[in-house]
Structure formats: structure tokens, C-alpha cells
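Undergrad: Need a 3D model of the following:
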Amino acid sequence: MNAPETLAAVDELDTSFLESLMGYNARRATLVIVDAFLKGMAVHDLRPVDFSVLSVIAHNSGVTSRQLCSALNIQPPNLVGMLNTLEKRGLIHRVPHPRDGRAMSLHLTTQGVTLIKAAEKSAAELEAAITSSLSAGERKTLMALLKKIYA
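TA: Residues are numbered from 1 along each chain as shown. Next up, the predicted model:
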């Protein structure tokens, strides 16, 4: 066996290639945003997906599970358990859909309305703090560009 050659120590990392990748930058931003979101939503006992479900129901009272799955890209089996948990917490209730006898429409309870109003206020404040280095125009542009990727 040959003796290992002596390698120089690295004092400063070159991440320029990674920084040229959209996915890398999106992931780095996501980590910062999700970390702040998790900390901010802990007081409301909400995970990001719970928050999203409650927000969609709040702004679309009577939405069906199928519509929620489509809007939030959630698999139906995953949503069922989540809805059961939200219902047990007294945040939502289900009623028969007025036009589709097979479906249930989802509505927030009074407790659910109170919770999501407070949680949405917290989320808006968190995002304002996280994006404070962006101008209003930059924030609007970034949102539009991100939507072009996933919409």
C-alpha cells in the first residue's frame, strides 16, 4: 500500500456550485422559514400542514376532503387522520355536503376560527420578520417567481 499523501486543510469552503442551484437555495430558505414557523406555531400547537388545512377551511367553509387534498397536495389517507385529530381537538366539524351525498363538507368550529385567526396573524408576523431584508417589491417578485415553479 502506498502511504497516504498529505492533504491540505480547508479553511474556507467553496459552495459556489451548490449556490448556483435553485434547489439548494430553495432548501436553505425553506429551512430558515420552517424553523421559524415551527417555533412560532408551537404556541398554537400546529404543524405546518395543520395550519394549511385550517387556513384553507377558514377561507373556504364547506370545502371537501377531495378539494383539500388537491389544493395542498396531500394524500387522502394522510388527510383522514389529520381531520380526525383536528375534529377531536374541537377545531373542525363535518356536515353532509349539500350537493354530493357521498362527501362531507368541512367547517371550522368557533374554537377553530379563533385559533386560525391567531395563527394566521402569527404566520404573517413571522414571514415579515424573516423577509425583512427584502423590499416589498422584492418579496412580491420572489412570491411570483416561486409560484411559477410549482403552479
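Undergrad: Name the residues that touch stretch 43-55?
TA: Under the criterion Cβ atoms under 8 Å, 6 or more residues apart in numbering, residues 34, 37-38, 41, 68, 72, 74, 79, 82-83, 85-86, 91-92, 108, 112, 115-116, 118-120, 122-123 lie in contact with stretch 43-55. Where C-beta positions appear, they are placed from N, C-alpha and C, glycine not excepted.
Undergrad: likewise stretch 77-96?
TA: Contact with stretch 77-96 is made by 49-50, 53-54, 57, 65, 68-69, 74, 103-109, 111-112, 115, as judged by Cβ under 8 Å, 6+ apart.
Undergrad: Next: stretch 102-120.
TA: Taking Cβ under 8 Å, 6+ apart as the criterion, the residues outside stretch 102-120 that touch it are 41, 44, 46, 51, 54-55, 57-58, 61-66, 68, 83, 86, 89-98.
Undergrad: Buried subset of the contacts of stretch 77-96 as a ChimeraX selection?
TA: For anyone working in ChimeraX, the buried entries among these, judged by 16 or more other Cβ atoms under 10 Å, can be selected with:
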select :50,53,54,57,65,68,69,74,105,106,107,108,112,115
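Undergrad: Let's see which of the contacts of stretch 77-96 end up in strands.
TA: Residues of those located in strands (DSSP state E): 104-108.
Undergrad: which of the contacts of stretch 43-55 are buried?
TA: So, by 16+ other Cβ under 10 Å, the buried ones in the contacts of stretch 43-55 are 37, 41, 68, 74, 79, 82-83, 86, 91-92, 108, 112, 115-116, 119-120, 122-123.
Undergrad: Restricted to helices, list those residues.
TA: Those of these mapping onto helices are 37, 41, 68, 79, 82-83, 86, 112, 115-116, 119-120, 122-123, per DSSP state H.
Undergrad: Output these as JSON lines; include the columns distance to D11.
TA: Compiled in JSON lines, those are given as follows (distance: Cβ to Cβ, whole Å):
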{"residue": "F37", "distance to D11": "34"}
{"residue": "M41", "distance to D11": "39"}
{"residue": "L68", "distance to D11": "50"}
{"residue": "L79", "distance to D11": "49"}
{"residue": "M82", "distance to D11": "47"}
{"residue": "L83", "distance to D11": "53"}
{"residue": "L86", "distance to D11": "51"}
{"residue": "G112", "distance to D11": "53"}
{"residue": "L115", "distance to D11": "49"}
{"residue": "I116", "distance to D11": "49"}
{"residue": "A119", "distance to D11": "44"}
{"residue": "E120", "distance to D11": "45"}
{"residue": "S122", "distance to D11": "41"}
{"residue": "A123", "distance to D11": "40"}
